[in-house]
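Student: Next comes the sequence, and after it the predicted model I'd like to discuss.
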Amino acid sequence: MSLSQESDHELIRSDVRAWLKQQEKKELLRFITCGSVDDGKSTLIGRLLYESKQIFDDQLDALERDSKKHGTQGETIDFALLVDGLSAEREQGITIDVAYRFFSSARRKFIVADTPGHEQYTRNMVTGASTAELAILLVDARKGVLEQTRRHSILASQVGVRRFVLAVTKMDLVDYDQDAFDAIVADYRAFAEKIGIDQWIAIPVSGLNGDNIAARGEAMSWYEGPTLIEHLENVPIDSAADEAKPFRMPVQWVNRPDLHFRGFAGQIAGGTLRPGEEVRVLPSGRTTKVARIVMLDGDLDEAVAGQSVTLTLADEVDCSRGDVIAAAKDPPHAADQFEATIVWMAEEEMVPGKGYWLKLGTQTATATVAHPKYQLNVNTLEQLAAKALDLNAIGVADVTTDRPLVFEPYKDEAGGAPNRALGGFILIDKLTNATVAAGMLHFALRRAENIHWQALDVSRETHARLKGQKPSVLWFTGLSGAGKSTIANLVEKKLAAMGRHTFLLDGDNVRHGLNKDLGFTEADRIENIRRVGEVAKLMADAGLIVLTAFISPFRAEREMVRRMMNDGEFIEIFVDTPLAEAETRDVKGLYAKARAGELPNFTGIDSPYEPPERPELRIDTTKLTAEGAADKIVAMLAQR
């Protein structure tokens, strides 16, 4: 293998350890290439690897063979094949997945992400941009600035990329025409000003011939700016800016190898730290001092942003994965309601009110997203009204979590590097475990900080004691026609005869008043259950035994209500009736209408029902009468 510097080659021969140490000291720049389909992203990266002379001889031989078999350049080497690794990519001549490649020059190390141009793979582009400090936007000199150019510019800017290179490719196909280049630059300049991109440079290149990539092209003598590699070697890097920020370290793992050592491992997201400095553990707010900064090969006197370390603390404070260790005098905030920009990346549209897993750094919580405040039109930059977000949509919405999260605004107010560790999050579908969205936090909602619980003199324990009973929520769930309301009504009658204080919330009755504004879409069903859960909680606080009879088809929403209650107060009762049996009991004629297409989104027909996995009680109505089921439930309640 030959490298970009002959001295490097000699050093590897004589002392590979010394060469590795030299590489460790080089600055690292992460960047992405993005643009529309066939703009030459993979070819450009292949050229970068080739021109920096970091391709093994056997790789070059294989590339020549593959170029003849899969290439798109005739007998000429197709450099795109160096990064298009999937067979589907080679067959179609496109990029599908994100491909990462490492290379280095005399001054820097680089990790480049080749991201797809197809609109359906925009989610992969966002993945690549989420760790990048610079984006190379490729524009075909024959086509000019396209919708994908604008979309990728907005997305990259939203996820914190501040520096851009407008690489006008395939200049050889327009005879290296300066006017064509200038027109594209003027078009992009007008767009960049609208969205606030101010750190960018335009470079005319030919990936096929290598013009202006590592060396200047004679055919473009009119261009006086730097080559692409020259610019990559000299563009500012955010690592220094991160070191100047207040100290932050999300805890990834508690290291407890024996009784004598308890350390907290993680990567420092911002600032510097020395032993003896005072820190605050969030969200608990406890303060202590750093005793040691531990590494595999010994303790450090100082740690900086970007390093992965293990900290030991002077005091025994409660700290676990998901907590954040921060500068005591300048800590981040914690909140459970935020405004955020959301990039939706799933084929299925966002469901407002549905529970998703939210991962923010090392923190995980259940989150719900409200109806979007607006969706961004990537062509006109208009803020459009939207009820939900679909694939590749960019919108702004309020996000609520089930517990406070330690956070910082994603975008630095001073215009510095983004707070990716504590400001960027992803949403995960609880059922499929698929990542459905990426998000960037703006700020905590004012009500999250200004609304507090009012202390009341008569407690829920007093209410329960006055009624002589333990508050409970009996949550009946099952298909329509399963017998939920019938059984719940019998249970309430038996409890009333025993002198118990109860209240029955029935699905149909609630929709006549509290929830009469809701329909039967997935989003409305979720909101229906959320409201009922809040009412049931208030009634339990009053000391009542609450009975609810709702289909409540989704596990995540039933689990949401369970979390609202005190431990042991939520009793899930699965009224288990097969669909065929429920249809035979169709006294309201609902199944017949649903089968005829007159009732869309009907549970069991064209809307799913997720049966409980571990209910407190399962009632098989094919083996037990309603009266027998009621007796069984009352007996179980008496034992509790």
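Tutor: Structure received. Numbering: from 1, shown residues only.
Student: Count the residues that sit near Ala444.
Tutor: Neighbour count for Ala444, taken as other Cβ atoms under 10 Å: 19. Where you see a C-beta, it was placed from the backbone N, CA and C, and this is true even at glycine.
Student: So what sits opposite it in the bridge?
Tutor: Phe338 (DSSP bridges).
Student: okay, it: pLDDT?
Tutor: Among the per-residue scores, Ala444 shows a pLDDT of 88.
Student: Quick check: it vs Met560, distance?
Tutor: Noted for Ala444: a distance of 21 Å to Met560, by Cβ to Cβ, to the nearest Å.
Student: Please apply the same query to Thr584.
Tutor: 32 Å.
Student: Among those two, which residue is more densely surrounded?
Tutor: Under the neighbour definition other Cβ under 10 Å, Thr584 and Met560 were set side by side, and Met560 has more, 20 against 10.
Student: how close does that one sit to Arg525?
Tutor: Met560 is 12 Å from Arg525, where distance means Cβ to Cβ.
Student: now stretch 612-625: how far from the chain's centre is it?
Tutor: Its chain's average C-alpha position is 37 Å from that of stretch 612-625, according to Cα atoms, centre = their mean, to the nearest Å.
Student: Quote the end-to-end distance of that stretch.
Tutor: End-to-end distance for stretch 612-625, by Cα to Cα, to the nearest Å: 21 Å.
Student: Would you mark the buried spots in it?
Tutor: 612, 615-617, 619, 621, 624 (16 or more other Cβ atoms under 10 Å).
Student: Also stretch 106-116?
Tutor: Here stretch 106-116 shows 108-110, 112-116 as buried, counting by 16+ other Cβ under 10 Å.
Student: now the residues you listed as JSON lines including distance to Ile325 and pLDDT?
Tutor: Formatted as JSON lines, the buried residues of stretch 106-116 follow (distance: Cβ to Cβ, whole Å; pLDDT from 0 to 100):
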{"residue": "Arg108", "distance to Ile325": "31", "pLDDT": "83"}
{"residue": "Lys109", "distance to Ile325": "29", "pLDDT": "84"}
{"residue": "Phe110", "distance to Ile325": "31", "pLDDT": "87"}
{"residue": "Val112", "distance to Ile325": "33", "pLDDT": "85"}
{"residue": "Ala113", "distance to Ile325": "30", "pLDDT": "82"}
{"residue": "Asp114", "distance to Ile325": "36", "pLDDT": "77"}
{"residue": "Thr115", "distance to Ile325": "34", "pLDDT": "73"}
{"residue": "Pro116", "distance to Ile325": "38", "pLDDT": "67"}
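Student: Narrow these to those in strands?
Tutor: Judged by DSSP state E, the buried residues of stretch 106-116 include 108-110, 112-114 as members of strands.
Student: which one among those residues gets closest to Val510?
Tutor: Ala113 (50.1 Å; Cβ to Cβ).
Student: Go ahead and list the helix or strand containing the closest residue to Ala192 other than its chain neighbours.
Tutor: In space, and not counting its chain neighbours, Ala192 is closest to Trp200: 6.0 Å by Cβ to Cβ, 6 or more residues apart in numbering. Using DSSP states H and E, the element containing Trp200 is strand 199-204.
Student: just Pro257 next, same as before
Tutor: strand 253-258.
Student: for Thr312, same thing?
Tutor: Going by DSSP H and E, Thr312 is part of strand 308-313.
Student: all strands of the stretch 351-500 of the chain, in order?
Tutor: With DSSP state E, counting those that start in this stretch as the criterion, the stretch 351-500 of the chain has strands at 355-360, 363-369, 374-376, 383-384, 394-407, 424-429, 435-444, 472-477.
Student: Need the winner for burial among those.
Tutor: strand 472-477 (a mean of 26; mean count of other Cβ atoms under 10 Å).
Student: Strand partners (parallel or antiparallel) of that strand?
Tutor: strand 545-549 (parallel), strand 570-576 (parallel).
Student: Tell me which of those strands approaches Arg47 most closely.
Tutor: Of these, nearest to Arg47 by Cβ to Cβ is strand 570-576, at 60.5 Å.
Student: The following helix or strand past the closest one - what's its average pLDDT?
Tutor: Remark: after strand 570-576, the chain's next helix or strand is helix 579-584, criterion DSSP H and E. Averaged over helix 579-584, pLDDT sits at 86.
Student: Then stretch 294-308?
Tutor: Mean predicted confidence for stretch 294-308 is 90.
Student: Now that stretch: buried residues?
Tutor: 294, 300, 303-305, 307.
Student: With stretch 576-588 instead?
Tutor: Neighbour-count burial for stretch 576-588 [16+ other Cβ under 10 Å]: 576-577, 582-583, 585.
Student: now, among those, which is nearest to Leu313?
Tutor: Distances from Leu313 to the buried residues of stretch 576-588, taken by Cβ to Cβ, are shortest for Asp576, at 50.8 Å.
Student: Backbone dihedrals for Leu146, both of them.
Tutor: For Leu146, the backbone dihedrals are phi -110, psi 180 (criterion: degrees, to the nearest 10).
Student: and if you look at Gly271?
Tutor: Torsion angles, degrees, to the nearest 10, at Gly271: phi 90, psi -180.
Student: who's in contact with the residue most central in space within the chain?
Tutor: By Cα atoms, centre = their mean, the mean C-alpha position of the chain lies nearest to Ile426, the distance being 0.9 Å. By Cβ atoms under 8 Å, 6 or more residues apart in numbering, the residues touching Ile426 are 358-359, 435, 437-439.
Student: got the contact list for Asp412?
Tutor: Contacts for Asp412 were tallied using Cβ under 8 Å, 6+ apart; they are 418-419.
Student: Quick one, grab the pLDDT at it.
Tutor: On pLDDT, Asp412 comes in at 75.
Student: so how far is Ala556 from it?
Tutor: 34 Å.
Student: Does the helix or strand Thr287 falls within pack against any helices or strands, and if so which?
Tutor: Here Thr287 sits within strand 286-295, counting by DSSP H and E. The helices and strands touching strand 286-295, judged by 3 or more Cβ pairs under 8 Å, 6 or more residues apart in numbering; DSSP states H and E, are strand 278-282, strand 308-313.
Student: Rebuild those as TSV, extending it with distance to Glu347.
Tutor: Shown next, in TSV, are these (distance: least, Cβ to Cβ, whole Å):
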stretch	distance to Glu347
strand 278-282	37
strand 308-313	36
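Student: Quick check: which of those is buried the most?
Tutor: strand 278-282 comes out most buried of these by mean count of other Cβ under 10 Å, with a mean of 21.
Student: quick one: average pLDDT of that one?
Tutor: 93.
Student: Kindly export it (C-alpha atoms) in CSV.
Tutor: Once non-C-alpha atoms are left out, strand 278-282 reads as follows in CSV (Å, rounded to 0.1, in the frame of the first residue of the first chain):
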residue,chain,number,x,y,z
GLU,A,278,-17.7,20.0,41.8
VAL,A,279,-20.4,18.3,39.7
ARG,A,280,-24.1,17.9,39.8
VAL,A,281,-25.9,14.6,39.0
LEU,A,282,-29.2,15.2,37.1
